[in-house]
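Q: One predicted model, sequence on top.
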Amino acid sequence: DRSPSASTAALRRMISFGPKKPLVAEIKRVGALLEDLLRRLDWVRALPEDDFDDGLHGLSVSVNEIQCKEAGCPPVETVCTLLRAGAKPRMAKVLKAVRDVTAADVEGLVAAHFSTAEAVEGD
């Protein structure tokens, strides 16, 4: 005997319309860490100013948690993407769930992948 509320709850567990609120908060946390580190880089500060006055000089950051189905990779990884108009997106991964990503992980990602202007060179 299933009440309407029980079947609705079961349906909600089966269908997902985007990340759950705790995941959104973690994505924002990692994105803020990444943006803060980028603002400190000389090559970012040397970019032309834009209308947003956010210190990123036309750069955009995207952080996503994705499931990896390739052999040998962790089941979940965090992908950070650096975007700039006229340039190819530059992606780098932290091989853990976004909730487990630390400031040190983000620092290492920036040092390894986004530390020079080559991170957003044009096509």
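A: Cool, got the structure.

Q: now the chain, which segments are flagged as low pLDDT?
A: Across the chain, the ranges flagged by pLDDT under 70 are 1-20, 122-123.

Q: hey, where'd the strands end up in the chain?
A: 59-67, 76-84, 90-94 (DSSP state E).

Q: Quick one: closest of those strands to Glu35.
A: Closest to Glu35 of these, according to C-beta to C-beta: strand 59-67, at 5.5 Å. Bear in mind the C-beta positions are built from the backbone N, C-alpha and C, glycine included.

Q: Give me the most central residue, this structure.
A: Centroid-nearest residue in the chain: Val63, 1.1 Å away (criterion: C-alpha atoms, centre = their mean).

Q: Bridged to that one, which residues?
A: For Val63, the beta-bridge partners are Cys80 (DSSP bridges).

Q: give the contact list for it.
A: Contacts for Val63 (C-beta atoms under 8 Å, 6 or more residues apart in numbering) come out as 27, 30-31, 34, 78-81, 98.

Q: same question, Glu65
A: Contacts for Glu65 were tallied using C-beta under 8 Å, 6+ apart; they are 19, 23, 26-27, 76-79, 97-98.

Q: This completes my enquiry, with thanks.
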